[in-house]
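Colleague: Got a predicted model here, sequence first, then my questions.
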Amino acid sequence: MSFELETATNPEQLRRLAIDPVSRVEGHGKVTILLDDDNHVHQVRLHIVEFRGFERFIQGRPYWEVPVMVQRLCGICPVSHHLAASKAMDMVLGVKLTPTAEKVRRLMHYGQILQSHALHFFHLSSPDLLFGFGSDMAKRNVVGVIAAAPETATKGVLLRKFGQEVIRMTAGKRVHGTGSVPGGVNKSLSTEDREALRKDIYQMVAWSREAVHMIRALFESNLAEYNAFGRFTAQSMGLVRADGAMDLYHGGLRARDASGKTLFDHFDYGRYWDVIAEEVKPWSYMKFPFFKNQGPDDGWYRVGPLTRVANCDFIPTPLADRERQEFLAYDSGSAAGATLGYHWARMIEMLHAAETIKDLLNDDDIVGTDLMAPLGERQERGVGVIEAPRGTLIHHYRVNENDEVFRANLIVSTTHNNQAMNEAIRQVARQYFDGREVTEGLLNHIEVAIRAFDPCLSCATHALGQMPLEVEIVSRDGTPLDRMMRDARGICSRN
Amino acid sequence: MSNVFTIDGQEIPFEPGQSVMQAALTAGVFVPHLCYHPEFRPHGSCKLCTMKVNGRPATSCTTPAAAGMEVENNTTEINDKRRMLIQMLLVEGNHFCPSCEKSGNCKLQALGYALGVMSPHFTEFFPDRPVDFSHPEMLLDFNRCILCELCIRASAEVDKKNVFALSGRGLKKHLIVNAESGRLADTDFAVTDKAAEVCPVGVILRKRHGFAVPIGQRTYDLKPINEQVERFKPVTPATKEKV
């Protein structure tokens, strides 16, 4: 089946607009829009144009190498891949982690949540939110934010830096460390590092709380647009703790339909394939996951901060839980269903991450010496699932008795949101494009909708803010009618 | 004339029978090398220890020290050639440091850093080489082999097992396991063998050890390789002992 606006009936008679690449997101993606002569929208697609192949070249490698190798998928959230792979290999080894190992891994993970959410909100999205979606693009970037709101920008930089320091002290490096190993960790936190982090963590909690209030104020100042922008209803999925609490490191899968009715709860992710399947479409390298019993047409869902904050029963840290309750109650719950509600929920999670880091730093297990668990009963199959900054991340491996990985399947967070992102940009196209002349500001509305999901399109590191953009309008006979370009310096020209 | 020669103008004493490299290391002079090991006969194959002895290139591990020699070692000309040798080794095999468990403990990587290798420079060969998972305790990842033959010498001279050998010629030369099946599990190789500990790169690895040593505590995290000269007591070759 094709969703509304996914496939035009007469594409050969339509003009094609391409946003290539989508900017201020992680990785490379492309949006194409087909318009008729009256600028009515007939087709909108988010294409993922890179093929990575990690699942193939993990095969034939020793299992203990995988957590270090596979994190090279990404330069923004490598810790998520590092930990998901480690959890999968824990299952292969049949181990139960020591308290120190689990807490050090949790500290690493929440450091990652903090830095990734800060990066996304302050560096990537705040230019749109502070200046307006169609504002002057020369200022609509992080440099513009530094000039207009230096205090806000500084806090964003320092929040991210703190998260990176947590990662460095637990993993050995800020990016692509080796701290988590199958069966445990290779180091705990040193006493000096613990004290250095404790000195600053209370400030980080306070700034995270300010960030929640900042996005709330943005909602309040422009409620109608924020609520309606790219809005659609969707099913949802994510991990929750056994008692229903938010837990971004470990738990069971909970899924709800668009009305909030629970579809499955505390589902053992070790058999995720019983509830999730994936569909391939010819126009994108990113697969489309769906709930198996509903099929690909009805079974799509969304993941990430918005669904996690809405789906958990409570957040187990007090400040974040209070913000969660206010978020869910805001305007009779409207923000919790808005595409831009992702930003608000993301900041609530950043606050939760800061509070969790504070709690872990005050726990003596974090400097313990019992790092590795004794080996248990060996399994061939290992599944590790974690709530990465962008959503549910699934790593699945099979390892033979000689320690060789012979199968690998990864469903990364952004993949779950594939259909949801397509729905969001189609909704934006309906709301803003239909019948209007296309401008750069209008095109940025599409990107704003994509950015709300904080997608990691190829799960890779790319130059930030230097992506050229080229938009070409072609007549039905293929003659170029209009061409607009943004070069690597952000300067626009038209010919 | 006393038993002294000079390296880059510095006077280096030596014992009769010592090579230029042994005398240099004893005096604390850094000499890049990969195929040399103090417990085995010098081999002269990696060429990294090449110096100019009285104006002529020579591998310092196989050149006997002699009184009055004038030797050049740490010069731009020689280090440029050494860097090129490292770059050629890096493209000849599959050396992916980011996911290699030997990273931080690898002599090839450490020498690359010490000699200023900033890129592979040459076109990668990307050879198709196997990984031998068959042995219960040890892994062989042939992707990283630099043909130094240390494992061959250790297995033959110390372990008396002849587990390893080279096969093929020229570009096709490669390390093999001396078993009809070609599998390590079908030899009498043991985790306690000398050959299990001499690999300067990440070919012969203890299984399930992986990334047990955290970043910051690995051999070359502590000091770069050029500040970790393997000093030897001034002894005759027959009684060499690491200090």
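Modeller: That came through, no problem. For clarity, every value in this text was computed on a predicted model and none was experimentally measured.
Colleague: which ones are touching the residue of the stretch 151-300 of chain A found nearest chain B?
Modeller: Chain B sits closest to residue A:172 of the stretch 151-300 of chain A, with a gap of 2.9 Å, by CB to the nearest CB. Where you see a C-beta, it was placed from the backbone N, CA and C, and this is true even at glycine. By CB atoms under 8 Å, 6 or more residues apart in numbering or on different chains, the residues touching residue A:172 are A:178, A:179, A:186, A:187, B:214, B:215, B:216.
Colleague: same thing but 7 Å
Modeller: Applying CB atoms under 7 Å, 6 or more residues apart in numbering or on different chains, one finds that residue A:172 lies in contact with A:178, A:179, B:214, B:215, B:216.
Colleague: cool, and residue A:111?
Modeller: A:163, A:166, A:167, A:170, A:357 are the contacts of residue A:111 under CB under 7 Å, 6+ apart.
Colleague: rerun that using 6 Å as the cut-off
Modeller: Applying CB atoms under 6 Å, 6 or more residues apart in numbering or on different chains to residue A:111 gives the contacts A:163, A:166, A:167.
Colleague: what about it, is that helix, strand or coil?
Modeller: For residue A:111, the secondary structure call by DSSP: H, G, I helix; E, B strand; the rest coil comes out as helix.
Colleague: Identify the residue spatially nearest to it, adjacent ones excluded.
Modeller: In space, and not counting its chain neighbours, residue A:111 is closest to residue A:166: 2.8 Å by CB to CB, 6 or more residues apart in numbering or on different chains.
Colleague: who touches the helix or strand hosting that neighbour?
Modeller: Assigned by DSSP states H and E, residue A:166 falls within helix A:150-171. With CB under 6 Å, 6+ apart as the test, helix A:150-171 has contacts from A:79, A:104, A:107-108, A:111, A:114-115, A:118-119, A:122, A:145-146, A:174, A:177, A:179, A:193, A:200, A:204, A:207.
Colleague: just to confirm, which helix or strand has residue A:216 in it?
Modeller: helix A:191-221.
Colleague: in the stretch 201-350 of chain A, which spans are strands?
Modeller: Taking DSSP state E, counting those that start in this stretch as the test, the strands found in the stretch 201-350 of chain A are A:235-240, A:252-256, A:262-267, A:276-279, A:288-291, A:301-302.
Colleague: Please name every helix or strand in contact with the second one.
Modeller: With contacts defined as 3 or more CB pairs under 6 Å, 6 or more residues apart in numbering or on different chains; DSSP states H and E, strand A:252-256 has these neighbours: strand A:235-240, strand A:262-267.
Colleague: mind checking the SS state of the residue sitting nearest the centre point of chain B?
Modeller: Centroid check for chain B by CA atoms, centre = their mean gives residue B:34 as the closest residue, at 1.9 Å. The local conformation at residue B:34, judged by three-state DSSP, is coil.
Colleague: What parts of chain B come near chain A?
Modeller: Contact residues (CB under 6 Å from any CB of the partner chain) of chain B with chain A: B:98, B:99, B:133, B:139, B:207, B:210, B:211, B:212, B:214, B:215, B:216.
Colleague: Buried ones among those residues?
Modeller: Buried by 16 or more other CB atoms under 10 Å in any protein chain shown: B:99, B:133, B:139, B:207, B:210, B:211, B:214, B:215, out of the residues of chain B next to chain A.
Colleague: ok, the second one - contacts?
Modeller: Think residue B:133. Residue B:133 neighbours (CB under 6 Å, 6+ apart): A:402, A:403, A:404.
Colleague: hmm, back to that, what about the buried ones among the residues of chain B next to chain A, which are in strands?
Modeller: Mapping those onto strands (DSSP state E) picks out residue B:139.
Colleague: Among the buried ones among the residues of chain B next to chain A, which has the minimum pLDDT value?
Modeller: The member of those with the lowest pLDDT is residue B:99, at 94.
Colleague: which residues does that one contact?
Modeller: The neighbourhood of residue B:99, defined by CB under 6 Å, 6+ apart, consists of A:65, A:68, A:69.
Colleague: most neighbours, which of these?
Modeller: The residue in the contacts of residue B:99 with the most neighbours, by other CB atoms under 10 Å in any protein chain shown, is residue A:68 (26 neighbours).
Colleague: now the strand or helix carrying it, how far from the centre of its chain.
Modeller: Per DSSP H and E, residue A:68 falls inside helix A:66-70. With CA atoms, centre = their mean, to the nearest Å as the basis, helix A:66-70 stands 20 Å off its chain's centre.
Colleague: helices and strands around that helix, which ones?
Modeller: helix A:78-93.
Colleague: The helix it packs on vs helix A:150-171, what angle?
Modeller: If you take axes from the mean of the first three to the mean of the last three CA atoms, to 10 degrees, helix A:78-93 sits at 30 degrees to helix A:150-171.
Colleague: if we can go back for a sec, most tightly surrounded among the helices and strands packed on strand A:252-256?
Modeller: The highest mean neighbour count among these, using mean count of other CB atoms under 10 Å in any protein chain shown, belongs to strand A:235-240: a mean of 24.
Colleague: residues in contact with it?
Modeller: With CB under 6 Å, 6+ apart as the contact definition, strand A:235-240 has outside contacts at A:251, A:254-258, A:301-303, A:307-308, A:311-312, A:387, A:392.
Colleague: Swap in 7 Å and give it another go.
Modeller: Counting by CB under 7 Å, 6+ apart, A:246-247, A:251-258, A:301-303, A:307-308, A:311-312, A:385, A:387, A:392, A:416 sit against strand A:235-240.
Colleague: residues in the stretch 351-495 of chain A within reach of chain B, list them.
Modeller: Counting by CB under 7 Å from any CB of the partner chain, the stretch 351-495 of chain A comes close to chain B at A:402, A:403, A:404.
Colleague: Serialize these to CSV and add fields for distance to residue B:7.
Modeller: Shown next, in CSV, are those (distance: CB to CB, whole Å):
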residue, distance to residue B:7
A:402, 48
A:403, 46
A:404, 47
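Colleague: could you give the mean pLDDT of stretch A:355-368?
Modeller: Stretch A:355-368 comes out at a mean pLDDT of 98.
Colleague: List the buried residues for that stretch?
Modeller: Buried, per 16+ other CB under 10 Å, within stretch A:355-368: A:355, A:356, A:357, A:358, A:359, A:360, A:361, A:365, A:366, A:367, A:368.
Colleague: Following the record's annotation, map out the domains of chain B.
Modeller: As recorded under automatic domain parsing, the domains making up chain B are B:4-74, B:81-222.
Colleague: Pull up the pairing partners for the helix or strand that the helix holding residue A:166 is followed by, direction included.
Modeller: Sequence order places strand A:180-181 as the next helix or strand after helix A:150-171, per DSSP H and E. Strand A:180-181 has its sheet partners listed here by DSSP bridges as strand A:184-185 (antiparallel).
Colleague: Right, I'll leave it there.
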